[in-house]
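Asks: below is the structure, and that's it, no one-letter string:
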C-alpha cells in the first residue's frame, strides 16, 4: 500500500492465512473493510511513536459466516499434456482456525512452502512433478486481564516431494588482447529429486498486563538427489578449429536435518520496554557424490579421464542471546538499543578420491568459530509530518579458521570492528502521498578462508585460488522513493532512484 507492505487482519486479529482469506472468503461474508495504520505494541502502551507502524486492511466477517469451512479444488490442463491440481480449505474462526492445503501436478508452477501465515512458490519454463501437502491449526485465547493482542499457539506440518528436470544451452564469446578470439558452447542437463518435511510451532503468551512471551520452534528433514550432465566445446571464432571439449557427469546426494528454537521475553514500562531473547540452531548434513569427467585438448591431441568421488559430512551450531531497550524521552523521541552476542561453530570434513585413491590435494578439513558482538542503536524523531531516524551499528567479530588441505595446515585468527551508520527520513506530505529517503554506509569483510593462499583444481577448467590481499569492502547506499496513491480509481504512482 503506497509503496509499503500491507497486512491483512480479520475482525481486528491477525489472519490465519492472508492468502486463503483473500482467495476463498465469499464476498457476502464481508460486513466491512477498513484501511488504517496500526500502531506497534510499544507505541500503543507508551503513546510515543517508534516508527514501526504497519498498514492494515481489516476485514470484518458477518457472525453467521464464522466457524465454517471454506475451500476450493482447482484443476489445470495444458496442451503439452501437463497437469496441475490444487486443494485448499480453511475453517474460519477467531479462536480455532484450521488450514489444509495440497498440490499435485506436473507443471512449471511449484509450491515450495505453505504455513499458517504465508506461502512461497516459483514458476519457470520447465515442468516440475510435485506432490505436497500442509496442515495447520491455531488456538487463540484472551487472558482474564485486558490486553491488546490475544495469546495464541500455532502448529503447522507438511511434506513436499518434487522431481525437477532442467536443461540449458549457452554460447560465450571471448575477446582478449593478444589472443585468438574463441567461443564456447555449453549444454547442461539436470535431474533433481527433492523431499522435505517441515514442522513449525509458534506461540505468543500474555503472562501479565506488562509481560509477554514469544516462542518459535522449527524442525525439518530434507533429502536432495541430483544428477547432472554438462557438455562444453571451445573453438576458435575465425577458423572454427576446436580448442578443447569436456563431458562432466555428476551424481550427488544430500540429507540434512535442521532445528531451531527461539524465545523472547518482553517487559513493558510506562515509557518503553525491555526484551531478553535467546536462540539455538543446529544442522547436520551428510553430503556425498561422484563424477566422471572427460577432457580433450585438440591442439595437443591429448585426452584425460578424471573419476572423482567425495564424502563431506558437515554440521553447524549457533547459540545467541540479546537484550533490547526502548525508551521514550518525549512524545516525539523514541530511543532503541539492541545488543546481541552469538557464538557459531561450523565444521566440514570433505574427503575426495581420484581414480580410486585419496586426493589429498583437494581433500580438506575446515572448522570455523565465530564470536560476534553487535550493538544497534537508533532514535526515532517525529516532527509532525516528518520522521527522522538516525542509526548506528557497531559490530565486533572474533573469527578463527582451522584449515587443513594437503601441505597447508593453518590456524588463522582475525578481529574486526565494523561501523555501519545510516539515516532514514520520511515525509508524509498528505494522506496517500509520501517521500522517503535512505542513506547508509556498510562494511563487508571477505571470508577468512579466501584470504589464505590455497589452490582448488577439482575442476581442471575452473581453478580457484585464495588471495591474501583481500580486504573489507565498503559500500555507500542512497535511496529516494516517492509514492502517491489516489483513493478514487485506486491509482498508484511510485518513483524510486
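Replies: Happy to help now that I have it. This structure is a prediction, so every number in the text was calculated from the model and none was measured.
Asks: please count neighbours and contacts with C-alpha atoms only from this point.
Replies: Will do.
Asks: okay, now residue 334: neighbour count?
Replies: Residue 334 has 24 neighbours, counted by other Cα atoms under 10 Å.
Asks: and the pLDDT for the nearest residue to it once chain neighbours are set aside?
Replies: Among residues not flanking residue 334 along the chain, residue 328 sits closest, at 4.3 Å (Cα to Cα, 6 or more residues apart in numbering). You'll see residue 328 listed with a pLDDT of 85.
Asks: surely residue 328 and residue 272 touch.
Replies: Yes. Using Cα atoms under 8 Å, residue 328 makes contact with residue 272 at a distance of 5.9 Å.
Asks: for stretch 28-38, what is the distance to the chain centroid?
Replies: With Cα atoms, centre = their mean, to the nearest Å as the basis, stretch 28-38 stands 31 Å off its chain's centre.
Asks: need the contact partners of it.
Replies: Residues outside stretch 28-38 that contact it (Cα atoms under 8 Å, 6 or more residues apart in numbering) are 53, 54, 55, 56, 57, 58, 59, 60, 61, 62, 65.
Asks: make TSV out of those and add neighbour count.
Replies: Putting the contacts of stretch 28-38 into TSV (neighbours: other Cα atoms under 10 Å) gives the following:
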residue	neighbour count
53	14
54	16
55	17
56	19
57	19
58	20
59	22
60	17
61	20
62	13
65	16
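Asks: list phi and psi for residue 28.
Replies: Dihedral angles of residue 28 (phi, psi; degrees, to the nearest 10) stand at phi -70, psi -10.
Asks: how many residues are close by it?
Replies: With other Cα under 10 Å as criterion, residue 28 counts 9.
Asks: for the remainder of this discussion, apply numbering that starts at 18.
Replies: All set: I'll call the first residue 18, so the last point we hit is now residue 45.
Asks: sorry, back to before: identify the farthest-apart pair in the contacts of stretch 45-55.
Replies: Maximum pairwise distance among these (Cα to Cα): 30.1 Å, between 70 and 82.
Asks: and the contacts of stretch 45-55, which of them are in strands?
Replies: The strands, defined by DSSP state E, take in 71, 72, 73, 74, 75, 76, 77, 78 from those.
Asks: nearest to residue 328 among these?
Replies: The closest of these, once distances to residue 328 are taken by Cα to Cα, is residue 71, at 48.1 Å.
Asks: secondary structure element for residue 60, which one?
Replies: In the assignment (DSSP states H and E), residue 60 maps to helix 58-63.
Asks: and if you look at residue 459?
Replies: Judged by DSSP H and E, residue 459 forms part of strand 450-461.
Asks: for that strand, which strands pair with it and how are they oriented?
Replies: strand 425-447 (antiparallel), strand 490-503 (antiparallel) (DSSP bridges).
Asks: what residues of it count as buried?
Replies: Across strand 450-461, burial judged by 16 or more other Cα atoms under 10 Å covers 450, 451, 452, 453, 454, 455, 457.
Asks: surely the second one and residue 511 touch.
Replies: No. Using Cα under 8 Å as the test, residue 451 is too far from residue 511 to be in contact (9.8 Å).
Asks: quick check: neighbours shared by those two?
Replies: With contacts taken as Cα under 8 Å, 6+ apart, residue 451 and residue 511 have 499, 500, 501 as neighbours in common.
Asks: got a list of contacts for stretch 302-320?
Replies: Stretch 302-320 is contacted from outside by 259-274, 321-332, using Cα under 8 Å, 6+ apart.
Asks: any of those buried? List them.
Replies: 259-274, 324-332.
Asks: now do the end-to-end distance for stretch 160-173.
Replies: Distance between the two ends of stretch 160-173: 24 Å, counting by Cα to Cα, to the nearest Å.
Asks: so which residues lie in contact with that stretch, not counting its own?
Replies: Contacts for stretch 160-173 (Cα under 8 Å, 6+ apart): 30, 58, 132-133, 151-159, 216-223, 225-226.
Asks: tell me which of these fall in helices.
Replies: residue 58 (DSSP state H).
Asks: which among the contacts of stretch 160-173 count as buried?
Replies: Buried members of the contacts of stretch 160-173, scored by 16+ other Cα under 10 Å, are 30, 132-133, 151-157, 216-223.
Asks: coming back round to it: out of the strands paired with strand 450-461, flag the one nearest residue 24.
Replies: From the strands paired with strand 450-461, taking Cα to Cα, the stretch that ends up closest is strand 490-503, at 17.0 Å.
Asks: let me see the mean pLDDT of the closest one.
Replies: pLDDT averaged over strand 490-503 gives 87.
Asks: what's the burial count for residue 355?
Replies: By the criterion of other Cα under 10 Å, residue 355 has 18 neighbours.
Asks: what strand or helix carries it?
Replies: Per DSSP H and E: residue 355 is located in strand 350-371.
Asks: following element in sequence after that strand, please.
Replies: Next element after strand 350-371 (DSSP H and E): strand 374-375.
Asks: neighbouring strands for that following strand, and are they parallel or not?
Replies: strand 350-371 (antiparallel).
Asks: how about the partner strand: buried residues?
Replies: Across strand 350-371, burial judged by 16+ other Cα under 10 Å covers 350-359, 361-371.
Asks: please apply the same query to stretch 240-256.
Replies: 240-254.
Asks: just the ones in strands from those, please.
Replies: In this view, the buried residues of stretch 240-256 that belong to strands under DSSP E are 240-253.
Asks: ok, residue 255 to residue 316 distance?
Replies: The gap separating residue 255 from residue 316 is 16 Å, by Cα to Cα.
Asks: with residue 428 instead?
Replies: Residue 428 sits 43 Å away from residue 316, going by Cα to Cα.
Asks: neighbour count for those two, which is higher?
Replies: When neighbours are counted by other Cα under 10 Å, residue 428 and residue 316 differ, and residue 428 comes out ahead with 13 against 10.
Asks: mind checking which helix or strand the closest residue to the more buried one other than its chain neighbours is in?
Replies: Nearest non-adjacent residue to residue 428, counting by Cα to Cα, 6+ apart: residue 419, 4.6 Å away. Assessed by DSSP H and E, residue 419 sits inside strand 403-422.
Asks: pull out the buried positions in that strand.
Replies: Counting neighbours by 16+ other Cα under 10 Å, one finds that the buried residues in strand 403-422 are 404-410, 412-414, 416-422.
Asks: picking that back up, so which of the buried ones among the contacts of stretch 302-320 sit within strands?
Replies: Using DSSP E, the subset of the buried ones among the contacts of stretch 302-320 located in strands is 259-274, 324-328, 331-332.
Asks: quick one on the thing from earlier: can you redo the buried residues of strand 450-461 as CSV with pLDDT?
Replies: Listed next are these as CSV, based on pLDDT from 0 to 100:
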residue, pLDDT
450, 82
451, 84
452, 88
453, 90
454, 93
455, 92
457, 95
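Asks: from those, which is closest to residue 377?
Replies: Looking across those and measuring by Cα to Cα, the closest to residue 377 is residue 457, at 45.1 Å.
Asks: what's near enough to touch the closest one?
Replies: For residue 457, the contacting residues are 437, 438, 439, 440, 493, 494, 495, by Cα under 8 Å, 6+ apart.
Asks: from those, pick the one nearest residue 179.
Replies: Nearest member of those to residue 179, counting by Cα to Cα, is residue 494, at 39.4 Å.
Asks: doesn't residue 454 make contact with that closest one?
Replies: No. Contact criterion Cα under 8 Å: residue 494 and residue 454 do not qualify, at 10.7 Å.
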